[in-house]
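**Student:** need coordinates for the following:
(one chain, ligands or ions: 1)
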Amino acid sequence: MSHLKINQLSKTYPNGTKALVDVNLEITTGMFGLLGPNGAGKSSLMRTLATLQEADGGSAFLNDIDVLNEPDKVRAILGYLPQEFGVYPRITASQLLDHIAVLKGITNGGERKELVNYLLQKVNLFNERNKSVKGFSGGMKQRVGIAQALIGDPKLIIVDEPTAGLDPGERNRFHNLLAEVGEEVIVILSTHIVDDVKELCTDMAIMNFGEIVYNGKPADAISSLNGKIWRKSIDRSEKDHYRKMYKVISDKMVAGKPQIHILEDANPGEGFVNVEPNLEDVFFKEIHYR
Ligand code: ADP
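**Tutor:** Predicted coordinates for the structure are as follows:
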């Protein structure tokens, strides 16, 4: 069982942007979802944990490793799939994984070959192993990305916005693979896609403007809104009226017409119907835009 404890982590960029504001989190083995809109600070947190950038203050411990002060120890047990894992030289999947295994210190050729074949099978790319990665689809590339992140028997795997650009079938396959990996190690999945977290994660945090605004189980967050979410289809011209009258937490087009969700303890009348809350309601309740 691995354990990551983040304490009062902060980061302000030289231009004054506060990307991390006293972040506190405790994460154990399993799939952890870090959800937030673009610019929330997710990548800043992921890069800090991956020892690719420094924090201004606070601490993070992965088991007994001091993440901020012992980067080499972290790197030895870290698997990282960055947001942009799309630039490859013209080499095959097998060669790419072999190369990264060398970089990660697996010098024994026989051991490396065995590992690479095992990983190719695990991410379901064994039959494609001798094809150029350049020609792979987005989903196949992400699976190569996971395979390389698994080299070196990591205890912590960080995946940053992994499903952007995948079609629904590829996304499903990628989800299944992540869920399997998450049975043994800590997997932090950073994403702005609510459904990724809903489908995969047992624990999550929501980030907004560098702060953790929710930390808990998706199911608990959803049930805390039971009975309080009300839906109505309105005319576009009525939007301002409803925004003034109610706490409108989401507003989206359904079959060409705006449909709003509001948060109210009691029945607001006016033709609103009570609906089952979902994780998107939680998300829009917790975040705000400036
Ligand atoms: P997310 O991953 O949630 O989209 P980021 O961590 O990338 O968020 O960014 C958080 C905030 O920090 C944003 O306002 C972004 O513009 C800013 N930011 C990110 N990287 C830098 C940087 N190197 N210099 C200045 N500002 C940055």
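
**Student:** Ser137: what's its closest spatial neighbour, skipping adjacent residues?
**Tutor:** Distances taken as C-beta to C-beta, 6 or more residues apart in numbering put Glu170 closest to Ser137, at 6.6 Å, once the chain neighbours are dropped. The C-beta positions use only the backbone N, C-alpha and C, and glycine is treated the same way.

**Student:** that neighbour: how many residues sit nearby?
**Tutor:** Residues near Glu170, counting by other C-beta atoms under 10 Å, number 18.

**Student:** and the helices in the protein?
**Tutor:** Using DSSP state H, the helices of the chain run over 42-49, 71-76, 93-103, 109-122, 138-150, 168-181, 194-200, 218-223, 239-245, 279-286.

**Student:** show me what the lowest-mean-pLDDT helix or strand in the chain is packed against.
**Tutor:** Lowest on mean pLDDT, DSSP states H and E among the helices and strands of the chain sits helix 168-181, with a mean of 87. Counting contacts by 3 or more C-beta pairs under 8 Å, 6 or more residues apart in numbering; DSSP states H and E, helix 168-181 packs against helix 138-150, strand 186-191, helix 194-200.

**Student:** could you give the mean pLDDT of stretch 30-43?
**Tutor:** Regarding stretch 30-43, the rounded mean pLDDT is 95.

**Student:** do stretch 277-290 as well
**Tutor:** 92.

**Student:** state the distance from Leu119 to the ligand.
**Tutor:** Separation of Leu119 from the ligand (C-beta to the nearest ligand atom, to the nearest Å): 27 Å.

**Student:** any idea how far the nearest residue to that residue once chain neighbours are set aside is from the ligand?
**Tutor:** Distances taken as C-beta to C-beta, 6+ apart put Ala147 closest to Leu119, at 4.2 Å, once the chain neighbours are dropped. Distance, Ala147 to the ligand, by C-beta to the nearest ligand atom: 24 Å.

**Student:** show the contacting residues for Ala147.
**Tutor:** 93, 97, 119-120, 122-123, 125 (C-beta atoms under 8 Å, 6 or more residues apart in numbering).

**Student:** same thing but 10 Å
**Tutor:** Contacts for Ala147 were tallied using C-beta atoms under 10 Å, 6 or more residues apart in numbering; they are 79, 81, 93, 96-97, 100, 115-116, 118-125, 177.

**Student:** cool, and Ala19?
**Tutor:** Ala19 neighbours (C-beta under 10 Å, 6+ apart): 10-13, 39-45, 47-48, 53, 55-56, 207, 209-210.

**Student:** hmm, try it at 8 Å
**Tutor:** By C-beta under 8 Å, 6+ apart, Ala19 lies in contact with 11-13, 41, 44, 210.

**Student:** buried ones among those?
**Tutor:** Buried members of the contacts of Ala19, counted by 16 or more other C-beta atoms under 10 Å: 11, 41, 44, 210.

**Student:** what about the first one, distance to the ligand?
**Tutor:** Looking back up the chat, that one is Lys11. 8 Å.

**Student:** can you check the pLDDT for that residue?
**Tutor:** 98.

**Student:** what do you get for the last one?
**Tutor:** Turning to Gly210, the model gives it a pLDDT of 98.

**Student:** right, and it touches Gly41 too?
**Tutor:** Yes. Contact criterion C-beta atoms under 8 Å: Gly210 and Gly41 qualify, at 4.3 Å.

**Student:** list residues touching both of the two?
**Tutor:** Residues within reach of Gly210 and of Gly41 at once, by C-beta under 8 Å, 6+ apart, are 11, 19-21, 23.

**Student:** in CSV, list these along with distance to Pro268.
**Tutor:** As requested, the shared contacts of Gly210 and Gly41 are exported to CSV (distance: C-beta to C-beta, whole Å):
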residue, distance to Pro268
Lys11, 41
Ala19, 38
Leu20, 38
Val21, 34
Val23, 36
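
**Student:** what's the most distant pair in those?
**Tutor:** Of all pairs drawn from the shared contacts of Gly210 and Gly41, the greatest distance, 9.8 Å, lies between Ala19 and Val23 (C-beta to C-beta).

**Student:** need the residues touching each of the two.
**Tutor:** In contact with both Ala19 and Val23: 41, 210, using C-beta under 8 Å, 6+ apart.

**Student:** low-confidence stretches in this protein?
**Tutor:** Across the chain, the ranges flagged by pLDDT under 70 are 84-89.

**Student:** show me which residues of it sit near the ligand.
**Tutor:** Contact residues (C-beta under 6 Å from any ligand atom) of the chain with the ligand: 13, 15, 17, 19, 36, 38-44.
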